[in-house]
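Chemist: Just to be clear, the model below is a prediction. Sequence and coordinates:
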Amino acid sequence: MKLSIILATLAVATLTLANQNSDDSRSPREMRKPPQEAISICEGQNEGDSCSVTSPRGDTLEGTCQNTPDEKYFACVPNMHRR
């Protein structure tokens, strides 16, 4: 019985550490790259210009061309996007 508890505890600890390590590959302020469509839509546009992109579900999302907070990308950011 004690061996089962110890093995279960070790398994949970191992999974927890594995998940933490995979999440630690990015700093909290580092963002994922926007979809290429969102970047392409804003090429040649000015910051604040209106744009629209199609979501993976097929919805049309209205937004504005903006730099990402880390300023790596200039892309169409949907109006309902949370920063």
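Modeler: All right, it came through fine.

Chemist: quick one: residue 73 and residue 34 touch, right?
Modeler: Yes - if you go by Cβ atoms under 8 Å, residue 73 and residue 34 touch, sitting 5.3 Å apart. To be clear about C-beta, it is placed using only N, CA and C from the backbone, and glycine gets the same treatment.

Chemist: which one of the two has more residues nearby?
Modeler: For residue 73 versus residue 34, neighbours defined as other Cβ atoms under 10 Å are more numerous around residue 34 (20 against 17).

Chemist: Surely the more buried one is in contact with residue 66?
Modeler: No - if you go by Cβ under 8 Å, residue 34 and residue 66 don't touch, sitting 9.9 Å apart.

Chemist: any shared contact partners between those two?
Modeler: Common neighbours of residue 34 and residue 66, using Cβ atoms under 8 Å, 6 or more residues apart in numbering, are 75, 77.

Chemist: contacts for the strand ranked longest in the chain?
Modeler: Once the chain is assigned using DSSP state E, the strand that runs over the most residues is strand 60-67. Strand 60-67 has contacts (Cβ under 8 Å, 6+ apart) with 41-42, 45-55, 73-81.
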